[in-house]
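J.: Below is the sequence, then the predicted model.
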Amino acid sequence: MLAALLPGSLTIGPARAGTLLEQAVRSGELVMVGSPDTPPFVSLNARGEPVGYAIDVGRRIDAALQKATGSKVQLRFRTVPNAAAAAAAVSQGQAALACGVPFSWELDRQVDFSLPIGLSGLRLLVAPGGPDGSAASLAGQSIAVIKGSLGVTLLPSFQPAARPVSFDRYEDAVTALQQGQVSGVMGDTFILSGQRLQRNISNYTLVPQVPYRTYGVGCITPENNSDFANIVNLTIAKLMQGYIGAQPAEVVLVERWVGPEGVLRRSREQVKAFFQTVLFTRESLGLSGQTP
């Protein structure tokens, strides 16, 4: 069961004593952070409750943690403005988990990344008649970027003549695009696809066809907590194995968000191929037993 949504920014402070597993057992909660305007990873339903691919994966991780420790630990979700704030919360010990975070070597020096739960990339969401995504098309254009994201550093190197406009949240950036204040929003393909579906703006397009940068998207945990990191990785691996093996619960979970009927409209074959590639690199996990 997911605890009630706790709104507001997370105050960063020093990490508590003890390992992450000891903290979770002692407190009875596993704190997960995320931005609620990042579908299909995290969004809010009509009741204001967090839902999404990241939340479902977080629930699986919480169940596995309870099984491993024999203790009742409740998953508690806290909102943060963006992925950069989520990374700060995890790296500084104020949260145990964030999922749907793009991999970067810079961030990997501050937190531990899990197996990827998806493959995404940096692209541009544009209105009809907008830029085609090429460097030439962005010259002189106002382009929204999300604070702390890859787009902040990539846009000036890709097209120095573009005019970056910084936003804290995807929601505000896409609204600015719809209002004609910017010519495009540079961001994660998963999240921009989710925003497009949520707002029913199917005439808006993602360009270019091949992303500016491709990366894995996974969960992050505080560094030097290998026991918890192992639980996270094994949970994700078992989810993938269950999907490949056509286990109903795993198929429903994944395809609800990224499958042929989900936000990304990926075919079952595409999802299976990615999961198989990930699992082939981690044969030593030993995926025996039932999914947690």
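T.: Arrived safely, thanks for sending.

J.: Please name the spatially closest residue to the spatially most central residue of the chain (chain neighbours excluded).
T.: The centroid of the chain falls nearest to Gly100 when counting by C-alpha atoms, centre = their mean (1.3 Å). Using C-beta to C-beta, 6 or more residues apart in numbering and skipping the chain neighbours, the partner closest in space to Gly100 is Phe41 (3.1 Å). (Glycine included, C-beta is placed from N, CA and C.)

J.: Model confidence score at the one you found, please.
T.: We have a pLDDT of 95 for Phe41.

J.: And Glu261, by the same measure?
T.: Predicted confidence (pLDDT) for Glu261: 81.

J.: In the stretch 1-150 of the chain, where is pLDDT below threshold?
T.: 1-18 (pLDDT under 70).

J.: what ranges do the helices span in it?
T.: Remark: helices assigned in the stretch 1-150 of the chain by DSSP state H, counting those that start in this stretch are 20-27, 53-69, 83-91, 105-108, 135-138, 150-158.

J.: What are the buried residues along the longest one?
T.: Buried positions in helix 53-69, judged by neighbour count with 16 or more other C-beta atoms under 10 Å: 53-62, 64-66, 68.

J.: I would like the residues contacting that helix, please.
T.: The list of residues contacting helix 53-69 from outside it, by C-beta atoms under 8 Å, 6 or more residues apart in numbering, reads 2, 21, 24-25, 30, 32, 34, 38, 40-42, 72-75, 77, 97-100, 117-118, 219, 228, 231-232, 234-236, 239, 253-254, 256-258, 291-292.

J.: Quantify the burial of Pro36 by counting its neighbouring residues.
T.: 22 (other C-beta atoms under 10 Å).

J.: Make sure it is actually in contact with Pro50.
T.: Yes - counting by C-beta atoms under 8 Å, Pro50 is a contact partner of Pro36 at 6.3 Å.

J.: Now list whatever residues contact both of those two.
T.: Shared contacts of Pro36 and Pro50, defined by C-beta under 8 Å, 6+ apart, are found at 42-44.

J.: By neighbour count, which of these wins?
T.: Highest neighbour count within these: Val42, with 28 neighbours (other C-beta under 10 Å).

J.: Who are the contact partners of that residue?
T.: By C-beta under 8 Å, 6+ apart, the contact list for Val42 reads 34-36, 50-52, 54-55, 100.

J.: how close does the residue lying farthest from the centre of the chain sit to Tyr212?
T.: Distance from the C-alpha centroid of the chain peaks at Gly140, with 30.7 Å (C-alpha atoms, centre = their mean). Separation of Gly140 from Tyr212 (C-beta to C-beta, to the nearest Å): 18 Å.

J.: and Gln179, how many neighbours does it have?
T.: Using other C-beta under 10 Å, Gln179 is surrounded by 8 other residues.

J.: Repeat that for Leu197.
T.: For Leu197, the count of nearby residues is 16 (other C-beta under 10 Å).

J.: Could you look up the SS state of it?
T.: Using DSSP: H, G, I helix; E, B strand; the rest coil, the structure places Leu197 in helix.

J.: Neighbours of the closest residue to it other than its chain neighbours, how many?
T.: Nearest residue to Leu197 in three dimensions, chain neighbours excluded: Val263, at 5.5 Å (C-beta to C-beta, 6+ apart). Val263 has 23 neighbours, counted by other C-beta under 10 Å.

J.: contacting residues around Val263?
T.: Here Val263 is in contact with 39-40, 190, 193-194, 197, 257 (C-beta under 8 Å, 6+ apart).
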